[in-house]
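Peer 1: fold the following and give me the result.
(4 chains)
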2 protein chains.
Amino acid sequence: MIDELDGRIIELFALEPRVGVLEASRRLGVARGTVQARLDRMARDGVIRGYGPEIDPAALGYGVTAFVTLQLRQAGGHDPVARGLSAIPEVIEAHTITSPGDMLCRVVARSNADLQRVIDLIVATDGVERAASVISLANQITARTLPLVRAISRP
Amino acid sequence: MIDELDGRIIELFALEPRVGVLEASRRLGVARGTVQARLDRMARDGVIRGYGPEIDPAALGYGVTAFVTLQLRQAGGHDPVARGLSAIPEVIEAHTITSPGDMLCRVVARSNADLQRVIDLIVATDGVERAASVISLANQITARTLPLVRAISRP
DNA sequence: AGATCACTGGACAACCTGTGCAGTCCCTCT
DNA sequence: AGAGGGACTGCACAGGTTGTCCAGTGATCT
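Peer 2: This next block holds a predicted model:
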């Protein structure tokens, strides 16, 4: 899948995104073409999904994160609900989960009071029966993939 | 917080990360220095957390995602547990949540069978009493912040 | 009014990227 | 053994980009 050099390339770019391909090749002790080829291959294979800027909702005033479990009306399925949810910008992520007729989504809000507004929006979505939310008090481990990459590339 | 131009800058770089500052300034119809200054400011304010490559665990063979709710032994607190969890690469994210003594984490695994192994690792972590997991069947909305950025910057 | 701030437009040197190519090494299949 | 394919190296070139600085302008704040 990915070998050790791939892992080191990912790691380097994750830690210092501003280094260019040339500088990376120097640091890793390989030819520039190699780094370039590896990056191209990983992008092609979907391992590297992109390089978009990571936005922190908290810095934008959306400091409250919550996980909302949705119970759906059985008829209609998940997709229409997902479509409805995607119209709510505060819904950052949504998954269909194992409990039949359920979804789990991650939402952000400006405050606990604002969270109420967001949840109301969610509950008002067609197909949503009930919503149970859990507020995140602290983000102990923030979305990370580096350890996994390391584990995979250096067995 | 951020204005419309900031929003359009973020949007442009999110959709086409490879465009440089110069090209971006051309597309947005502003001076290069302006784009550069905005990016610098947003990076300084923490709005843009970084530009690291986004890794897709699924493309790495970790196609199963699950959300695991942990019940902790009350004594000891969350931090030691978080430290223990961070040693498990498959734990992508972890939050302290509202139910006292609970944590919620997002984990990935190679298969359902492999998920069992990961959960066993989690349960074996010091301070963890019980774990209840929910498997993600489909990722209806994948981590997105663009709609939020748009909503904030264009009220 | 005066000061401050953000933006523009331009300029410069240094550097990086995209690309192509020849040569080497190594593994695999015949 | 020998051929073929794949990956890597080292190098070269043109063109574009970055980092940086500066003067000028308009709008806003004091």
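Peer 1: only C-alpha atoms for contact and neighbour calcs from this point on.
Peer 2: OK.
Peer 1: can you pull the contacts of A:T34?
Peer 2: Residues in contact with A:T34 (Cα atoms under 8 Å, 6 or more residues apart in numbering or on different chains) are A:S25.
Peer 1: how much space between it and A:A24?
Peer 2: Per Cα to Cα, to the nearest Å, A:T34 is found 10 Å from A:A24.
Peer 1: can stretch A:144-155 be found next to chain B?
Peer 2: Yes: Stretch A:144-155 reaches chain B (Cα under 8 Å from any Cα of the partner chain) through A:R144, A:T145, A:P147, A:L148, A:A151.
Peer 1: pull that stretch out as PDB, backbone CA atoms only.
Peer 2: Extracted C-alpha coordinates of stretch A:144-155, given in PDB (Å, rounded to 0.1, in the frame of the first residue of the first chain):
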ATOM      1  CA  ARG A 144      -5.200  12.700  13.400                       C
ATOM      2  CA  THR A 145      -4.000  10.300  10.800                       C
ATOM      3  CA  LEU A 146      -0.300  10.500  11.200                       C
ATOM      4  CA  PRO A 147       0.000   7.800  13.800                       C
ATOM      5  CA  LEU A 148      -1.900   5.500  11.500                       C
ATOM      6  CA  VAL A 149       0.300   6.400   8.600                       C
ATOM      7  CA  ARG A 150       3.300   5.700  10.700                       C
ATOM      8  CA  ALA A 151       2.000   2.300  11.800                       C
ATOM      9  CA  ILE A 152       1.100   1.300   8.300                       C
ATOM     10  CA  SER A 153       4.400   2.400   6.700                       C
ATOM     11  CA  ARG A 154       6.700   1.100   9.400                       C
ATOM     12  CA  PRO A 155       5.400  -2.300  10.400                       C
END
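Peer 1: got the buried residues for the host helix or strand of A:L148?
Peer 2: According to DSSP states H and E, A:L148 maps onto helix A:146-153. For helix A:146-153, burial by neighbour count (16 or more other Cα atoms under 10 Å in any protein chain shown) applies to A:L146, A:P147, A:L148, A:V149, A:R150, A:I152, A:S153.
Peer 1: residue ranges for the strands of chain A, please.
Peer 2: Using DSSP state E, the strands of chain A run over residues A:48-50, A:54-55, A:64-72, A:91-97, A:102-109, A:128-141.
Peer 1: between those strands, which one is nearest to DNA strand C?
Peer 2: Ranking the strands of chain A by proximity to DNA strand C (Cα to the nearest atom of the strand) places strand A:48-50 first, at 13.5 Å.
Peer 1: please see if that closest one touches chain B.
Peer 2: Yes: interface with chain B: strand A:48-50 contributes A:I48, A:R49, A:G50 (Cα under 8 Å from any Cα).
Peer 1: list the strands paired with that strand, with their directions.
Peer 2: Strand A:48-50 has its sheet partners listed here by DSSP bridges as strand B:54-55 (antiparallel).
Peer 1: tell me the mean pLDDT for the partner strand?
Peer 2: Mean pLDDT, strand B:54-55: 97.
Peer 1: what does stretch A:27-34 give?
Peer 2: Throughout stretch A:27-34, pLDDT has a mean value of 98.
Peer 1: distance from the chain centre to it, please.
Peer 2: The chain centre lies 30 Å from the centre of stretch A:27-34; the measure is Cα atoms, centre = their mean, to the nearest Å.
Peer 1: may I see the buried residues of that stretch?
Peer 2: For stretch A:27-34, using 16+ other Cα under 10 Å, the buried residues are A:R32.
Peer 1: same question for stretch A:107-122.
Peer 2: A:V107, A:V108, A:A109, A:R110, A:L115, A:V118, A:I119, A:I122.
Peer 1: that stretch near chain B anywhere?
Peer 2: No: taking Cα under 8 Å from any Cα as the criterion, stretch A:107-122 and chain B are apart, separated by no less than 9.3 Å.
Peer 1: how many residues are close by the residue nearest to A:V108 when sequence neighbours are not counted?
Peer 2: Leaving aside its sequence neighbours, A:V108 sits nearest to A:T65 (Cα to Cα, 6 or more residues apart in numbering or on different chains; 4.5 Å). Close neighbours of A:T65, defined as other Cα atoms under 10 Å in any protein chain shown, add up to 26.
Peer 1: hmm, who's touching stretch A:74-81?
Peer 2: The contact list for stretch A:74-81 (Cα under 8 Å, 6+ apart) reads A:L72, A:T96, A:G101, A:M103, A:T125, A:D126, A:G127, A:V128, B:Q140.
Peer 1: so what's the fourth one closest to, chain neighbours aside?
Peer 2: Spatially, and ignoring its direct neighbours in sequence, A:M103 is nearest to A:T96 (4.5 Å; Cα to Cα, 6+ apart).
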